[in-house]
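> Okay, sequence plus prediction incoming.
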Amino acid sequence: MKTIDVTRSTVTLDPDRTHVLARPFRPMSDQRSIKIAARVMALPEGEVHSLLAGVRAEFGGRQVRIDDFLRTRYEDVSPYLLNGQLLSEERQLLLGGYFGHEYSLEAAALFNPSMTPHPDQSGVPSGSLRFILSLRATAEGHVSSIAFRGGVLDAASNVTMDVPSRYSLEPTQVPNSTFQKPLFERKLQELRLMGPFNREVLSGLPDAFTMEDLLSSITRSVQQLPENEQAAALIIARETKMLARSNYEVQFTSESALSERVLFPVTPSQSNGIEDARFVLFQHEDGTHTYYATYTAYDGKLILPQFLETTDFLRFKFITLNGPAVENKGMALFPRKINGLYAMLGRQDAENIYVMFSDHLHFWDTMQLILEPAFPWEFIQLGNCGSPIETEAGWLVISHGVGAMRKYCIGAFLLDRDDPTKVIGRLPEPLIRPNPNERDGYVPNVVYSCGSLVHNGQLVIPYGISDYATTFATIPLEQVLGAME
């Protein structure tokens, strides 16, 4: 293979245990919650004042709006109080403190980055590019969330990272966000939930409906059934509610810093992690752009590819993907339509690379095998390392291969621009192998990326080091393309 000059950056993003997120603490039973609340209610007001002062002093410097968090937690647990009890504001906040805790988001690892252009390029020097880096942050219980960092590539593609904030914030769920009935019906059909019961549920809904509308229609439809049919209907209703709750929107405040924003698992399908988001800046046919990301939802047993959508990294839509082609990990969307269809890469059999086409972003029915392991460093499996990058030579796909002793290396291949089912080039050797300084970490002998970009003729690959930390490599694009066989 022709020589390829790989320049490793001196910039490394290590996990930082001080990035803590204020999270709800939910006791295992309602009875225990009632007991905790009763103990706080029995405190004299003077002790409430001093205890709350201690909470504010201890946690106020670690959380950006500690009183807001405590108030929200109080509102969530107020049903455990006796009806008619009047509480001072301080007692409300103190109660909230007993139902909250801190979670160290990246105590174990900060890895598997995806790199995209920032939506705001104002004030950037000529020839430079401001970027957003999404990262998989992993901590207690191996639970993963999506974290963000910002930085700039200068004209020579040198990386400078912004200093991250001390704070971490979750978004709020967008109230009264709507579902489109035709799309929701199609998702129900894909899940084989579109029977007589849900036809009745949907008949009572407007074309654009809210979660509250759906819950009301479900309750009404169940009550209309004979008693001997209600148990079966409640099973369908539970699955329908789960689908709706897995399609939701969240909003960060406009004053929050990028590095403060955290997408933490909230739905049952995500309960054990949101893993390996692959962000891509997608260009629509009308010239507008949207950021999309595929990610893996993990509930502790099952993995499920899902979808994210945003235009500004403040408001995010979480979307379920449907269809028989939505299997396994590592879906990666092409950055534009091809021949009028959306296109996406996948690894449905956990070993080979496939391409899919669809007329709708949420539904993927068919797939076509395009690449199988051929070289010793990829004999175990192949996969993509993010969305394809369009070049004049074709679609450049950064890939990973797994070889002996489950060693992960980063490679690349090239697809035809007009027909990405055709592989027109492939590197016989890896671009990046774990060097001696990169072999040890949370999972040894792994280099892995979820999204790269090309800047001023340089291929910039952010990559995870043994599932522990993150760094960057820059490679002349022409050398990569020239080495393809």
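Nice, thanks for sending it over.
> where does the stretch 101-250 of the chain dip in pLDDT?
Counting by pLDDT under 70, the stretch 101-250 of the chain contains no low-confidence segment.
> how about the strands in it?
109-117, 129-138, 144-153, 159-161, 172-173, 178-180, 208-210, 248-251 (DSSP state E, counting those that start in this stretch).
> from those strands, which stretch is densest packed?
Greatest average neighbour count among the strands of the stretch 101-250 of the chain goes to strand 109-117 (a mean of 26), per mean count of other CB atoms under 10 Å. C-beta coordinates here come from the backbone N, C-alpha and C atoms, glycine included.
> angle of that one against strand 129-138?
Angle, strand 109-117 to strand 129-138, by axes from the mean of the first three to the mean of the last three CA atoms, to 10 degrees: 150 degrees.
> Let me know the angle separating strand 109-117 from strand 144-153.
Counting by the same axes, to 10 degrees, strand 109-117 points 50 degrees away from the direction of strand 144-153.
> Ok, which of the strands of the stretch 101-250 of the chain comes nearest residue 383?
Checking the strands of the stretch 101-250 of the chain against residue 383 by CB to CB gives strand 109-117 as the closest, at 11.8 Å.
> Please tabulate the strands of the stretch 101-250 of the chain in a markdown table, including the columns distance to residue 300.
Below are the strands of the stretch 101-250 of the chain laid out as a markdown table (distance: least, CB to CB, whole Å):
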| stretch | distance to residue 300 |
| --- | --- |
| strand 109-117 | 18 |
| strand 129-138 | 14 |
| strand 144-153 | 12 |
| strand 159-161 | 33 |
| strand 172-173 | 23 |
| strand 178-180 | 27 |
| strand 208-210 | 30 |
| strand 248-251 | 20 |
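> Compare those and report which one is nearest to residue 330.
Across the strands of the stretch 101-250 of the chain, residue 330 has its closest neighbour in strand 109-117 (11.0 Å, CB to CB).
> list the buried ones in the helix or strand hosting residue 369?
Applying DSSP states H and E as the criterion places residue 369 in strand 368-371. Within strand 368-371, the residues that count as buried by 16 or more other CB atoms under 10 Å are 370-371.
> hmm, back to that, what's the closest of the strands of the stretch 101-250 of the chain to residue 465?
Smallest distance to residue 465 across the strands of the stretch 101-250 of the chain (CB to CB): 7.0 Å, for strand 109-117.
> circling back to that earlier point, centre of the chain to the strand holding residue 369, how far?
Centroid displacement of strand 368-371 relative to its chain, using CA atoms, centre = their mean, to the nearest Å, is 26 Å.
> Sheet-wise, list the partners of it with their directions.
In the sheet, strand 368-371 lines up against strand 353-358 (antiparallel) (DSSP bridges).
> Can I get the partner strand in PDB? Just the C-alpha atoms.
Taking C-alpha atoms only, strand 353-358 is exported to PDB below (Å, rounded to 0.1, in the frame of the first residue of the first chain):
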ATOM      1  CA  ILE A 353     -21.500  -3.900   5.700                       C
ATOM      2  CA  TYR A 354     -24.800  -3.300   4.000                       C
ATOM      3  CA  VAL A 355     -26.500  -0.300   2.300                       C
ATOM      4  CA  MET A 356     -30.200   0.600   2.600                       C
ATOM      5  CA  PHE A 357     -32.500   3.000   0.700                       C
ATOM      6  CA  SER A 358     -35.800   4.400   1.800                       C
END
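> Any chance you could list what contacts it?
In this structure, residues lying in contact with strand 353-358 by CB atoms under 8 Å, 6 or more residues apart in numbering are 323, 325, 338, 341-348, 364-372, 382-384, 399, 415, 420-421.
> Going by neighbour count, which residues of stretch 304-318 are buried?
304-310, 313-314, 316-318.
> Check stretch 255-265 too.
Buried, per 16+ other CB under 10 Å, within stretch 255-265: 256-265.
> For it, measure first residue to last.
Taking CA to CA, to the nearest Å, stretch 255-265 runs 23 Å from one end to the other.
> Off-centre distance for that stretch?
Distance of stretch 255-265 from the chain centroid (CA atoms, centre = their mean) equals 12 Å.
> who's in contact with residue 135?
Contact analysis of residue 135 by CB under 8 Å, 6+ apart lists 13, 110-114, 146-149, 470.
> Please convert those to CSV, extending it with distance to residue 160.
Putting these into CSV (distance: CB to CB, whole Å) gives the following:
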residue, distance to residue 160
13, 12
110, 18
111, 20
112, 21
113, 15
114, 18
146, 22
147, 18
148, 16
149, 11
470, 15
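> just those now: which is nearest residue 157?
For the contacts of residue 135, the minimum distance to residue 157 (CB to CB) is 15.6 Å, reached by residue 113.
> Just give me the neighbour total for residue 235.
Residues contacting residue 235 under the criterion other CB atoms under 10 Å number 11.
> From residue 484, how far out is it?
The spacing between residue 235 and residue 484, counted by CB to CB, to the nearest Å, is 53 Å.
> now residue 123
Counting by CB to CB, the gap from residue 123 to residue 484 is 37 Å.
> Neighbour count for those two, which is higher?
residue 484 (19 against 7).
> From residue 475, how far off is that one?
In terms of CB to CB, residue 484 sits 13 Å off from residue 475.
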